[in-house]
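Undergrad: got a predicted model here, sequence first, then my questions.
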Amino acid sequence: MHVVDQGIKIRLEGMVTLENVNRVYHMGGHTIHALKDISLSLETGKLVVVLGPSGSGKTTLLNVLGAIDKCDGKITVSNLEITRLNKKQLTKYRREKCGFIFQFFNLLPVYNALENVEYAIELASKLSRKEVTKRATDYLRKVGLFEKRYLFPSQLSGGEQQRVAAARAMAKNPELLLCDEPTGELSVTEGKQVLTVIQNMVKERPDVLTVLVTHNQKIAQIGDVIVRLRSGEVDSIEEQSPIPAEKLSW
Amino acid sequence: MAKTVKNIYRAINANKFRLLTISLVIAIGITSFNGMITAFVHMTRTYDTAFEDHNMASFTMQTANLGGSGEDAWIDYVNLTNFINEFQEQEPEQESLVKAYELRIVYNTVFEIRGEKQTGQIVAMSTLDSQGNYREQPDVNGYKILSGTPYSELSRYQNVCHIEAHLAEYWKLEPQEFIAIGDSRIPFEIVGVIGSPEFLINQGSYADIMPSPRRFGVVFLPLKAAQGLLGVEGKVNEISVLLEDGLSKNRREKIASDLKLFLETNYDLKFSAPIDIDNQPSYYLLRLDIEEAREFGIVLPIIILGMAIGGLYVLLSRMVVAERKDIGVAQALGYNRRTIILQYLGISMVIAIVGTLIGTLLGLWFLSYFSPLYVDMLSIPFTPEVTIEWPIVISGIVIGILTGLVGGYFPVRGSIQPLPAESLRFDPSLHITSGKIPLIERVLKLFKINLRATGLKLPLRNLFRSKRRTFSSVFAIIVSVSLISMAFGMIESMNESLTFYYDVSEDWDLRIDFSEIPTNTSQIARTIKQNVESVTDITYHLLSGAIVTSLESSQRKQVTVVGMNDSDGYLGHTFNFEAGDDWNPEGLVLSVPIAEALHVGLHDEVFLELPKLTKLVSTTPLRAHFELVNISFQITGIIDEFNGLVAFVGLENLITVSNFPGEPANTILLKIEDPTPERLDMIREEILAKYGYNVRNIATKAEQKGELLELMDLLYNIIYIVAIFAVILSCAIVYNTIYISLQEQQREIATLLTIGTNNRKLIRNITVENTVITLVGTVFGLIFGWIMLWFFMRVILDMEFFRIKLFISNNTIFISFIMTYIGVLIAQYFPLRRTLNLNLAEATKERVV
């Protein structure tokens, strides 16, 4: 992990690098500088928690990493400069390299848990139907939802839905797992279950970089690295020993 | 209150385009309501005014042997005046009800206009009043002088005439020109062109399904001139009576029958049945026509506004579902149920008011176009006065607003939960998902067919995710397809019926109509066949008007009886039997409308009231005295053909029962080998050269069809207007529904894009879903389209004159589907384009709108 001071250019060597990334919104005559000259280098096998209050730019940072929002500057993921990609290439990037866990779960309501995971695998791989089902089943087992794999989102609790979302994100073997306030809509118990799933995935997959966005200091304790944002700027970056999610309380 | 208004404004602003489409549907409904109902009122008033201002006769009574000769054909003018006066004196009560009467001559004859023969009627009235003073207008059945001058004091001594407007327009005749009248071709100078309420529609009889000024023109003469022309000095053959206003039909008929009885009993006169104003052919047809416009004006808006209610219901249901959490928040904050309902009702009311205003303005514009178009097409010389009918405008506004209330209230009321918490917990995207695997997929699984999650499984699941959602989409398609197929079906049914009539039923290439009935027709036919090249078949018919009466129900119907000659197996007509299977010259073949009206079927007996010759005056031309006799016929066939008021009998049979001399016929039909227009023209010239003295008209089928099409122009125009409305409506409804459907899935679509689904796959899935909806909707839409077609053609536009076969072609099925499908693709394009260009970061977090 390389810490980069604002304004000072140093060599970036991580799996994900951001150089002078800026994001400016124009809303109703106001200009909001969501990200200001961010330069970062992030390595795989880590759970990076981006922490900050509302409006600090943490979700924007996640979005530009996931190529679902545009920005100025340069972002490189596994030597691929995503800020230079066209729309089609960005779709391919998201399909093959990114896994998303959204605050509102965003499962496909017409698909059951298994089919939701299968969908992502089918999109990103060329596996046979059998292999797709097997992998999806395995991931649902990992998140503790094997028994409920045929249930639809409407029949699952919020925590269960988010665990399905986690399985969907990981089952496609992404290089980058992006989690946007994954516990924002959940109770503490459900939230802990989801965070445990994420922590376990990080441990199992050293080749994946996981970025989790939260405003909750307690939740931030599960990360290997905490990137603190304030008003669109990196306030600090700290490495830490993560606390297991099940031991957290908030 | 201010907050509610603000919320309404915001909601409308956010959904303005979709809301506008519903407004448009309401606008079309109100336009048709205002336009057609007001047009009906204007036309009715215009005609009523024309009838009143010009003193149209309450009833007329003609001599029993009209057009013939002898005592039962003509009555002395002075005597008849005295008899009627006597009647009035003897029946003082009746006298007070008779405002005026007019003794006229009505006589069917031939005219020669610019060297061409023309048949028609002369109508003659005295130019003097009862005191012997000159008058410009008769007391009964007056007219409007459109060009030229009224008769002068000297006119009764001159050969001058007025010609009716339809005839003048057809021949482009103007005052100072001359026309020759009668067999002896006496020239008369035209002093004026007149519009007569008696001939608003240029129709000689009910049976004349193709009233054309070429076949029936009316010329008005001074009585004295007509008497001189016809050699009936001092005689008349018709009484026209004007009664006091406001008498019922029963009362009018009672007076007419009393007068008839009085004259026949006391003075041995013979009259045919009096004709009440309601049964006067032109008046009857006009009433029928504008009554249809009124029915159309009621039914069409009901259908359109029903669709608007459906559209509004779907739109607001979806909107309320999407905003249920906000409703929960509002309830939690203390807004009462009434305020929330008012807010959504406010939205529907704004939609309704906008639609109603647009509709009212469009209705007025439509009106100013429709009424003059109508009268112009019928060449009616009384232009309707286009005024704003406030009661109708206000009714339209009330109906429009009621549409908003009905369409808006129910979805909102049903969506507001008693507990705000229920609304707050609500997830709209889950609400529109049944959470079940559709049956079809389970069936496919039995056959080891497993659809891929990224394949067609998604559109399939979307189709079955919510019954309500799918139903509203299918409903929109049904509306669209049924409207388009109905509208095109109407046009096609007309075209198909005409095509069938002229291509199949009417089995001839050239038709010769004679002015006077020759009694040696078989000889004429033989000569033509021998001498005119290319004539392969020839036959002749005797056409006459008759009344057919059912023995069972005592119902009576006026028909054209065609006496068919069966020479060499060529009838000149191919029957399309609905009941019965072969032409039997001994029996009677009736059309479906007549059989239905009389409640008779195959093998039933009916009476045909036919003229029976009592005294032969001359054979060339055929002049004779007749009496009407009822002859019993057995129905041997019922035919489903375009001509609705027709009955066929064997010519020999007809001649026998009518006691006609020789072989009379008034129409000869020719079948020509290779009937090119040039050849037909050549043959026409040849026949005209040989038999021109007695030929009234020689027409090809194309010419006759053209005349009919011209006559039906108005109907076609109405149908085209309906078709345009249908297409606009369809687009609006389909666009709205598909748009909402996609908007509801916006977060899902954004999620799919975020996790890497490419645009192509996404568009494919949505297109597949909408294609299936369109296909399913098309099937039901065609069924509904057929029902609506039946309803409009058989109930609303039910005219016994024409029998329209209901027909929807494969082309129409295809066009209905394609037009709707294009509408669907356009409808899905805009929200899809928006979604595909969305900021995915926001869209994946956004609540469903």
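TA: Now that the structure is in, tell me what you want to look at.
Undergrad: past the one helix or strand residue A:200 maps to, which element shows up next along the chain?
TA: According to DSSP states H and E, residue A:200 maps onto helix A:188-204. Per DSSP H and E, the first helix or strand lying C-terminal to helix A:188-204 is strand A:209-214.
Undergrad: so which residues make contact with that following strand?
TA: Strand A:209-214 has contacts (Cβ atoms under 8 Å, 6 or more residues apart in numbering or on different chains) with A:15-16, A:42-51, A:58-59, A:61-62, A:65, A:175-183, A:198, A:201-202, A:219-220, A:222-223. For the C-beta atoms, the positions are set from N, CA and C on the backbone; glycine is no exception.
Undergrad: how about whatever residue of chain B ends up closest to chain A: what's its closest non-neighbour residue?
TA: For chain B and chain A, the shortest gap (Cβ to the nearest Cβ) falls at residue B:756, measuring 2.4 Å. Nearest in space to residue B:756, with sequence neighbours left out and distances taken as Cβ to Cβ, 6 or more residues apart in numbering or on different chains, is residue A:95 at 2.4 Å.
Undergrad: okay, now that neighbour: neighbour count?
TA: Per other Cβ atoms under 10 Å in any protein chain shown, the neighbour tally for residue A:95 reads 20.
Undergrad: tell me the SS of it?
TA: helix (DSSP: H, G, I helix; E, B strand; the rest coil).
Undergrad: residue contacts, it?
TA: A:123, A:124, A:172, B:755, B:756, B:757, B:758.
Undergrad: doesn't residue A:91 make contact with the last one?
TA: This means residue B:758. Yes: between residue B:758 and residue A:91 there is a contact under Cβ atoms under 8 Å: 5.1 Å.
Undergrad: between those two, point out the one with more neighbours.
TA: For residue B:758 versus residue A:91, neighbours defined as other Cβ under 10 Å are more numerous around residue A:91 (22 against 17).
Undergrad: and that one, what element?
TA: helix A:87-97.
Undergrad: next secondary structure after that helix?
TA: Trace forward from helix A:87-97 with DSSP H and E and the next one is strand A:98-101.
Undergrad: what residues of that following strand count as buried?
TA: Across strand A:98-101, burial judged by 16 or more other Cβ atoms under 10 Å in any protein chain shown covers A:98, A:99, A:100, A:101.
Undergrad: of those, closest to chain B?
TA: When those are compared against chain B (criterion: Cβ to the nearest Cβ), the nearest one is residue A:100, at 5.8 Å.
Undergrad: that closest one and residue A:78: what is the separation?
TA: 17 Å (Cβ to Cβ, to the nearest Å).
Undergrad: could you do residue B:740 as well?
TA: 42 Å.
Undergrad: which of those two has more neighbours?
TA: Each of residue B:740 and residue A:78 has its neighbours counted (other Cβ under 10 Å); residue B:740 has more, 25 against 14.
Undergrad: close to chain A: what parts of chain B are there?
TA: Residues of chain B lying close to chain A by Cβ under 8 Å from any Cβ of the partner chain are B:427, B:429-430, B:432-433, B:435-437, B:450, B:452-454, B:457-458, B:461-462, B:465, B:747-748, B:751-759, B:839-841, B:844-845.
Undergrad: which of the residues you listed fall in helices?
TA: Using DSSP state H to define helices, the subset of the residues of chain B next to chain A located there is B:429-430, B:457-458, B:461-462, B:747-748, B:751-754, B:759, B:840-841.
Undergrad: give me the low-pLDDT residue ranges for the stretch 301-450 of chain B?
TA: In the predicted model of the stretch 301-450 of chain B, residues B:322, B:377-379, B:414-435 satisfy pLDDT under 70.
Undergrad: kindly recompute the last result at 80.
TA: Filtered on pLDDT under 80, the stretch 301-450 of chain B yields the residue ranges B:307-308, B:311-312, B:314-337, B:340, B:366-386, B:411-436.
Undergrad: quick one: the helices in it?
TA: Using DSSP state H, counting those that start in this stretch, the helices of the stretch 301-450 of chain B run over residues B:324-332, B:337-377, B:390-415, B:420-424, B:428-431, B:439-446.
Undergrad: how about those in TSV, adding distance to residue B:511 and mean neighbour count?
TA: As requested, those are exported to TSV (distance: least, Cβ to Cβ, whole Å; neighbours: other Cβ atoms under 10 Å in any protein chain shown):
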stretch	distance to residue B:511	mean neighbour count
helix B:324-332	72	18
helix B:337-377	26	20
helix B:390-415	46	18
helix B:420-424	76	16
helix B:428-431	69	20
helix B:439-446	60	11
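Undergrad: ok, and of the contacts of strand A:209-214, which contact chain B?
TA: residue A:59.
Undergrad: among the contacts of strand A:209-214, name the ones in strands.
TA: A:16, A:42, A:47, A:48, A:49, A:50, A:51, A:176, A:177, A:178, A:179, A:180 (DSSP state E).
Undergrad: now for those, which pair is the farthest apart?
TA: A:51 and A:176 (18.5 Å; Cβ to Cβ).
Undergrad: for chain B, what's the nearest residue on chain A?
TA: For chain A, Cβ to the nearest Cβ, closest residue to chain B: residue A:95, 2.4 Å.
Undergrad: separation between the residue nearest the centre of chain A and residue B:325?
TA: Residue closest to the average C-alpha location in chain A (Cα atoms, centre = their mean): residue A:178, at 0.9 Å. With distances taken as Cβ to Cβ, residue A:178 is found 26 Å from residue B:325.
Undergrad: swap in residue B:59?
TA: 74 Å.
Undergrad: next one: residue B:509
TA: 76 Å.
Undergrad: and residue B:646, backbone torsions?
TA: The phi/psi pair for residue B:646 (degrees, to the nearest 10) reads phi -140, psi 150.
Undergrad: just to revisit the earlier point, tilt between the helix holding residue A:91 and helix B:746-754?
TA: Helix A:87-97 and helix B:746-754 are oriented at 80 degrees to each other (axes from the mean of the first three to the mean of the last three Cα atoms, to 10 degrees).
Undergrad: what parts of chain A come near chain B?
TA: Residues of chain A that fall close to chain B, judged by Cβ under 8 Å from any Cβ: A:59-60, A:63, A:66, A:68-69, A:88, A:91-92, A:94-96, A:98, A:100, A:102-104, A:106, A:108-112, A:115, A:118-120, A:122-124, A:129, A:132, A:152-155, A:168.
Undergrad: if we can go back for a sec, out of the ones in helices among the residues of chain B next to chain A, who's nearest residue A:30?
TA: residue B:841 (18.1 Å).
Undergrad: so the closest one sits against residue A:67, correct?
TA: No: contact criterion Cβ under 8 Å: residue B:841 and residue A:67 do not qualify, at 10.0 Å.
Undergrad: the two: who's more crowded?
TA: Neighbours per residue (other Cβ under 10 Å) separate residue B:841 from residue A:67, with residue A:67 holding more: 27 against 21.
Undergrad: residue contacts, the more buried one?
TA: By Cβ under 8 Å, 6+ apart, residue A:67 lies in contact with A:82, A:85, A:90, A:93, A:94, A:98.
Undergrad: please apply the same query to residue A:35.
TA: Contacts of residue A:35 by Cβ under 8 Å, 6+ apart are A:21, A:22, A:23, A:57, A:60, A:61, A:64, A:71, A:232.
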